[in-house]
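S.K.: Test case, fold it:
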Amino acid sequence: MGRRSSHTPEQLRELILEAAYAIIETHGLAGLSAREIARRIGYSPGTIYNMFANLDDVVLRIEARILEALDQRLVAELAEHGSDREKVQRLAQAYLAFTHEKPKLWNLLFEHHLPAGTELPDWYQQKLEGLLSRVEQGLAPLMPHVEEAERKRAARVLWAGVHGITSLSTTDKLSIVTTEAAGNLVDDLVSTYLAGLQQKT
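M.R.: Residues are numbered from 1 along each chain as shown. Here you go, the predicted structure:
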């Protein structure tokens, strides 16, 4: 690793984030520390706090990258040909596949908690809303006469259900509930929910 003067602040921030990402991908959140990041990049732990407010700030930036990667996956699914129902099914299956590809990174989103009284930054909230808007986009053609607020609620209800299945699956707890494959359960959930929405609208 080069000397401190060989990296600009932007490059150093990127080195820190890349190291943190690699640590979490391999060891999960429990393996992350400022000392371990510093060891990997060849700088002192104090350098990390010169670049980021604290370790939580580093973790939030990693979470943002995970959310962005999932968002790109969902955008690609929405662009594929198929019926409106098939697109929603594919969104759910893409979510399931994504969580299994890098489970430690995905679980980070739910294992990491900010200190009491600390709110998520606006930019993070916007990324979450952007993800849910993909689900709303998928549902919109199936709910043409429904107000936006109801469509938002439907997207969140559906995604919460899909997340429940994926969470059990990625933590190897699904077998306690059923021997059915996670993909089949996701398809059943989405099909049943969409059928219910059609009856309501």
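
S.K.: wait, what's in contact with Val75?
M.R.: Residues near Val75 by CB atoms under 8 Å, 6 or more residues apart in numbering: Arg134. For every residue, glycine as well, the C-beta is placed using N, CA and C.

S.K.: In what element of secondary structure is it found?
M.R.: In this assignment (DSSP states H and E), Val75 forms part of helix 55-79.

S.K.: Okay, buried residues for that helix please.
M.R.: If you call a residue buried by 16 or more other CB atoms under 10 Å, then helix 55-79 has these buried ones: 55, 58-64, 66-67, 70, 73-74, 77-78.

S.K.: Please apply the same query to stretch 44-52.
M.R.: Thr47, Ile48, Met51, Phe52.

S.K.: and the next element down the chain from the helix holding Val75?
M.R.: Using DSSP H and E, the helix or strand that follows helix 55-79 in sequence is helix 84-101.

S.K.: and the angle from that next one to helix 55-79?
M.R.: Helix 84-101 runs at 140 degrees relative to helix 55-79, counting by axes from the mean of the first three to the mean of the last three CA atoms, to 10 degrees.

S.K.: Average the pLDDT values over helix 84-101 and round to the nearest integer.
M.R.: Mean per-residue pLDDT for helix 84-101: 95.

S.K.: Check which helices and strands the helix or strand following that helix is in contact with.
M.R.: Downstream of helix 84-101, the next assigned helix or strand under DSSP H and E is helix 103-111. In terms of contacts (3 or more CB pairs under 8 Å, 6 or more residues apart in numbering; DSSP states H and E), helix 103-111 is packed against helix 9-27, helix 55-79, helix 148-170.

S.K.: got JSON lines for those helices, with distance to Leu139 too?
M.R.: Compiled in JSON lines, the helices and strands packed on helix 103-111 are given as follows (distance: least, CB to CB, whole Å):
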{"stretch": "helix 9-27", "distance to Leu139": "32"}
{"stretch": "helix 55-79", "distance to Leu139": "11"}
{"stretch": "helix 148-170", "distance to Leu139": "6"}
